[in-house]
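> below: sequence and its predicted model.
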Amino acid sequence: GDSVTQMEGPVTLSEEAFLTINCTYTATGYPSLFWYVQYPGEGLQLLLKATKADDKGSNKGFEATYRKETTSFHLEKGSVQVSDSAVYFCALKDTGTASKLTFGTGTRLQVTL
Amino acid sequence: SQTIHQWPATLVQPVGSPLSLECTVEGTSNPNLYWYRQAAGRGLQLLFYSVGIGQISSEVPQNLSASRPQDRQFILSSKKLLLSDSGFYLCAWSVTGTGMWTEAFFGQGTRLTVV
């Protein structure tokens, strides 16, 4: 079945540091890929997405490129801020009527001054 | 615009007590609906999904059940809570139809603590 593997957290960075959160997936067919963010005490918000190979999703300075050859969708940001502290989830969407999202375990990011 | 409401935000329940969490969606019709659980130190686990009224699919056998009595209402229930039911429960919706799917929209979540 489908699965998503994320790097273990927590990740602690200083403000303005470069961020990479690794994500790899296993799926049949051609899934769509997503990064969701969960700020403390809140639900999940879509951060960015990519629907086909070589697509790059971007939002709020974050980027991720859909790499079919390496089955990866790594999240990057050139300069993190304290306000980026949150839990980040990589996810994929299978095909089918229900269009379920399969999530990774999440990576907690803590940005300090 | 579409909105999703989930309540209560927090809940503390004794072991063996019943549970009812409600989720409603506004501004759309015939959505796909989902219940996810996020246990401490773990990722998001899909518990149930529904593609229509009265249609419930269970992803993981457990102490919980779900119902969809109306098109935009999704309820998560338990007759007797276990300690292991503690976690953060998230309701979500998405449009129906593979070609129209863009993203899943999540509610604010319910933090359930079973004591």
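In hand now; what should we look at?
> which residue does chain A have closest to chain B?
Nearest residue of chain A to chain B: A:Thr105, at 3.4 Å (Cβ to the nearest Cβ). For the C-beta atoms, the positions are set from N, CA and C on the backbone; glycine is no exception.
> the worst-scoring helix or strand of chain A on mean pLDDT pairs with which strands, and in what direction?
The weakest-scoring helix or strand in chain A, judged by mean pLDDT, DSSP states H and E, is strand A:101-103 (a mean of 88). Using DSSP bridges, the strands paired with strand A:101-103 are strand A:86-93 (antiparallel).
> can you give me the strands in chain A?
Assigned strands in chain A, in chain order: A:3-6, A:11-14, A:19-21, A:23-26, A:32-38, A:44-50, A:56-59, A:62-65, A:75-77, A:86-93, A:101-103, A:107-112 (criterion: DSSP state E).
> pull out the buried positions in the last one.
When you say that, I think you mean strand A:107-112. Residues of strand A:107-112 classed as buried by neighbour count (16 or more other Cβ atoms under 10 Å in any protein chain shown): A:107, A:109, A:111.
> which residues touch the last one?
Right, A:Val111. Contacts for A:Val111 (Cβ atoms under 8 Å, 6 or more residues apart in numbering or on different chains) come out as A:12-15, A:17, A:80-85.
> and those, which of them are buried?
A:13, A:80, A:84-85.
> just send those residues back as TSV, with distance to chain B and pLDDT too.
Converted to TSV, the buried ones among the contacts of A:Val111 look like this (distance: Cβ to the nearest Cβ, whole Å; pLDDT from 0 to 100):
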residue	distance to chain B	pLDDT
A:Leu13	21	97
A:Val80	22	97
A:Asp84	19	97
A:Ser85	17	96
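> of those residues, which belong to helices?
Under the assignment DSSP state H, the buried ones among the contacts of A:Val111 contribute nothing to helices.
> in TSV: those residues, plus distance to A:Ser99.
Listed next are those as TSV, based on distance: Cβ to Cβ, whole Å:
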residue	distance to A:Ser99
A:Leu13	34
A:Val80	31
A:Asp84	28
A:Ser85	30
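> what sits closest to B:Tyr89 if chain neighbours are left out?
B:Thr110 (4.7 Å; Cβ to Cβ, 6 or more residues apart in numbering or on different chains).
> got it, and B:Trp93?
Spatially, and ignoring its direct neighbours in sequence, B:Trp93 is nearest to B:Pro31 (4.2 Å; Cβ to Cβ, 6+ apart).
> now the end-to-end length of stretch A:9-24.
15 Å (Cα to Cα, to the nearest Å).
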